[in-house]
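Undergrad: A structural model of the following input is requested.
(chains A and B)
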Amino acid sequence: AQKITQTQPGMFVQEKEAVTLDCTYDTSDPSYGLFWYKQPSSGEMIFLIYQGSYDQQNATEGRYSLNFQKARKSANLVISASQLGDSAMYFCAMREEDAGTASKLTFGTGTRLQVTL
Amino acid sequence: GAVVSQHPSRVICKSGTSVKIECRSLDFQATTMFWYRQFPKQSLMLMATSNEGSKATYEQGVEKDKFLINHASLTLSTLTVTSAHPEDSSFYICSARADRTEAFFGQGTRLTVV
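TA: Modelled structure (predicted):
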């Protein structure tokens, strides 16, 4: 079974608008972390935001916020006031903190975001 | 944020030769580094987990003898693709864990085997 699911292969958003990128996850580990990364065409992976499973509040980092709904096992990324430079692939990832997993990240299949004028 | 440097960013090699890729954590000590492979328009697939001073842990289906990983120090891990073939052409990227809340990636290496 997929541990991380991103159901949107591609998304379009108009400049200055907000956009939500979906991510659902599956784990039985009570302690885990959820990450979002941006991958522009250059290939580098840029860390955007982190949400811990025990964090009470949704994470925010500038224009990025994470809509964490633990009961639904979803961790959607919200980008506000989109900019042309936001066009990239976006990956959701999970790290289970169980001692046996070596803290490795499991990635979703990604969502390609295109910001238009 | 923490800086992870990966070198080279691009490499072209002949079939049958070996290629070494370096991953360095520049401003923190990383006891664990991870190596991923990414095919075009696909997600990152974990190849192996590299622990300083010990043997790497490989994911199922990854050939240990083909993808040699060495984690010589707390700031350096290397991936050597041995006897490279065109099907090894891919984007390889490393990451290092700084703390529980973040994991930083190198810039990636695009390997082309001709």
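Undergrad: where are the low-confidence patches of the chain?
TA: Defaulting to chain A. A:1-2, A:98-102 (pLDDT under 70).
Undergrad: Wait, chain B was what I had in mind.
TA: B:1, B:98-101.
Undergrad: What distance do you get for the closest residue to residue A:116 other than its chain neighbours to residue A:117?
TA: Closest residue to residue A:116 apart from its sequence neighbours, by CB to CB, 6 or more residues apart in numbering or on different chains: residue A:14 at 5.6 Å. Using the backbone N, CA and C atoms, a C-beta is placed for each residue, glycine as well. Distance, residue A:14 to residue A:117, by CB to CB, to the nearest Å: 8 Å.
Undergrad: Strands along chain A, start to end?
TA: A:4-5, A:10-14, A:19-21, A:24-25, A:32-39, A:46-52, A:60-61, A:64-69, A:74-79, A:88-96, A:105-107, A:111-116 (DSSP state E).
Undergrad: so which of the ones you listed comes closest to residue B:55?
TA: strand A:105-107 (20.7 Å; CB to CB).
Undergrad: Stretch B:55-65 near chain A anywhere?
TA: Yes. Using CB under 8 Å from any CB of the partner chain, stretch B:55-65 reaches chain A at residue B:57.
Undergrad: Ends of that stretch, what's the gap?
TA: One end of stretch B:55-65 to the other measures 12 Å (CA to CA, to the nearest Å).
Undergrad: how about it: buried residues?
TA: B:56, B:57, B:58, B:62 (16 or more other CB atoms under 10 Å in any protein chain shown).
Undergrad: Contact partners for the closest residue to chain B within chain A?
TA: Ranking the residues of chain A by distance to chain B (CB to the nearest CB) places residue A:45 first, at 3.7 Å. Shown in contact with residue A:45 (CB atoms under 8 Å, 6 or more residues apart in numbering or on different chains): A:37, A:38, A:39, A:91, B:44, B:93, B:95, B:105, B:108.
Undergrad: before we move on, what about residue B:94?
TA: Residue B:94 neighbours (CB under 8 Å, 6+ apart): B:4, B:6, B:21, B:23, B:33, B:34, B:35, B:36, B:77, B:79, B:105, B:106.
Undergrad: restrict the residues you listed to those near chain A?
TA: Among those, chain A is touched by B:34, B:105, B:106 when using CB under 8 Å from any CB.
Undergrad: Inside strands: which ones of those residues?
TA: B:34, B:105.
Undergrad: Chain B contacts on chain A?
TA: Near chain B, when you scan chain A using CB under 8 Å from any CB, you find A:33, A:35, A:37, A:42-47, A:50, A:52, A:91, A:95, A:97, A:102-110.
Undergrad: Can you select the buried ones among those residues for me in PyMOL?
TA: The command below creates a PyMOL selection of those among those that count as buried (16+ other CB under 10 Å):
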select buried, chain A and resi 33+35+37+43+44+45+47+50+52+91+95+102+103+104+105+106+107+108+109+110
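Undergrad: For chain B, just list every one of the strands.
TA: Using DSSP E, strands in chain B cover B:4-7, B:10-13, B:19-25, B:32-38, B:44-51, B:57-58, B:67-73, B:76-81, B:90-99, B:102-105, B:109-113.
Undergrad: Of these, flag the one that's most buried.
TA: Of all these, strand B:32-38 carries the top mean neighbour count, a mean of 24, counting by mean count of other CB atoms under 10 Å in any protein chain shown.
Undergrad: Next, the angle strand B:90-99 makes with that strand.
TA: For strand B:32-38 against strand B:90-99, the angle by axes from the mean of the first three to the mean of the last three CA atoms, to 10 degrees is 150 degrees.
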